[in-house]
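Enquirer: got a structure for you, letters missing:
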């Protein structure tokens with residue numbers, strides 16, 4: 001990671017302090033967990049949720065919405081979050097389940113799975129935009145929360161990088177679709193391959209009806 005000038009380091013720390021405003025609404029003894037998902041929109045692969053509890057005094061430079069970060073930066077932060085977090089977990093729901101219960105319900109299921117696997121039980125959940133059904137933990141939905149809360153941003157990165165790694169592995173099994181490059185999203189190349197070859201085991205049938213006979 002490149003070294004920052006004192007001015008840029010100060011600006012980055014000021015940005016991160018603003019992203020801790022939601023967490024600071026709770027006492028230090030309260031475990032606050034940030035939750036976000038990756039993979040709601042793709043034509044193939046799972047939806048993945050990340051749940052992260054960070055220490056209150058934790059500093060992770062460049063922590064942000066995973067979509068605003070380069071792949072290299074996400075990979076670096078993925079490791080740093082695991083090193084510094086009080087607890088973290090991911091929940092994965094596959095394409096068959098997505099087709100069975102729809103993507104919104106599958107996203108909620110992935111989030112519940114992530115929360116259930118957190119080793120330190122949180123007292124408050126900060127969620128990116130949604131309220132998760134079926135949980136008895138107080139929840140705070142925050143619109144664009146992955147850019148406003150360090151905890152949600154960390155969850156966003158855990159979900160995104162975990163899913164990217166999974167899609168890279170799927171690419172080895174189904175190399176003709178280019179999953180390692182587009183991660184299952186509906187790019188022109190992916191749709192062309194889908195029309196020519198047909199779907200594989202990880203395609204979401206409910207998402208690809210317009211592209212296959």
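Expert: Done, it's in. Note that the structure is a prediction, hence the values are computed from the model and not measured. Numbers count the residues shown, from 1 in each chain.
Enquirer: shaky segments in the protein?
Expert: Filtered on pLDDT under 70, the chain yields the residue ranges 1-3, 213.
Enquirer: tell me the strands in it, going along the chain?
Expert: 32-38, 47-53, 87-93, 124-128, 139-142 (DSSP state E).
Enquirer: Quick one: residues contacting the residue positioned nearest the centre of the chain.
Expert: Residue closest to the mean C-alpha point of the chain, counted by Cα atoms, centre = their mean, is residue 159 at 2.8 Å. Taking Cβ atoms under 8 Å, 6 or more residues apart in numbering as the criterion, residue 159 is in contact with 36-39, 48-50, 66, 90. (C-beta placed from N, C-alpha, C; glycine too.)
Enquirer: ok, so of the residues you listed, who is nearest residue 188?
Expert: Residue 188 lies nearest to residue 39 out of these, by Cβ to Cβ, at 19.6 Å.
Enquirer: so how many other residues sit close to residue 67?
Expert: Residues within reach of residue 67, counting by other Cβ atoms under 10 Å, total 11.
Enquirer: burial measure for residue 165, as a count.
Expert: By other Cβ under 10 Å, 13 other residues sit near residue 165.
Enquirer: same check, this time on residue 135
Expert: That count, for residue 135 with other Cβ under 10 Å as the rule, works out to 16.
Enquirer: Check the gap between residue 108 and residue 159 for me.
Expert: For residue 108, the distance to residue 159 equals 14 Å [Cβ to Cβ, to the nearest Å].
Enquirer: on that earlier part again, could you find the closest non-adjacent residue to the residue nearest to the centre of the chain?
Expert: Distance criterion Cβ to Cβ, 6 or more residues apart in numbering; nearest residue to residue 159, sequence neighbours excluded, is residue 50 at 3.6 Å.
Enquirer: List the residues that contact residue 64.
Expert: Residue 64 touches 146-147, 153, counting by Cβ under 8 Å, 6+ apart.
Enquirer: Check residue 183 too.
Expert: Contacts of residue 183 were listed using Cβ under 8 Å, 6+ apart, and they are 39, 42, 45, 163-164, 167.
Enquirer: Would you mark the buried spots in stretch 41-58?
Expert: Residues of stretch 41-58 classed as buried by neighbour count (16 or more other Cβ atoms under 10 Å): 42-54, 58.
Enquirer: Most widely separated two among those residues?
Expert: Distance extremes for the buried residues of stretch 41-58: the farthest pair is 43 and 58 at 36.3 Å, using Cβ to Cβ.
Enquirer: what's the burial count for residue 120?
Expert: Residues lying near residue 120 (other Cβ under 10 Å) number 12.
Enquirer: hang on, it packs against residue 86?
Expert: Yes - if you go by Cβ atoms under 8 Å, residue 120 and residue 86 touch, sitting 5.5 Å apart.
Enquirer: anything in contact with each of these two?
Expert: Listed as contacting both residue 120 and residue 86 by Cβ under 8 Å, 6+ apart are 31, 53.
Enquirer: Please work out which residues outside stretch 142-152 touch it.
Expert: For stretch 142-152, the external contacting residues (Cβ under 8 Å, 6+ apart) are 16, 19-23, 32-36, 52-54, 58, 60, 63-68, 126-129, 153, 155-156.
Enquirer: Now do the buried residues in that stretch.
Expert: Buried residues in stretch 142-152, counted by 16+ other Cβ under 10 Å: 142, 145-152.
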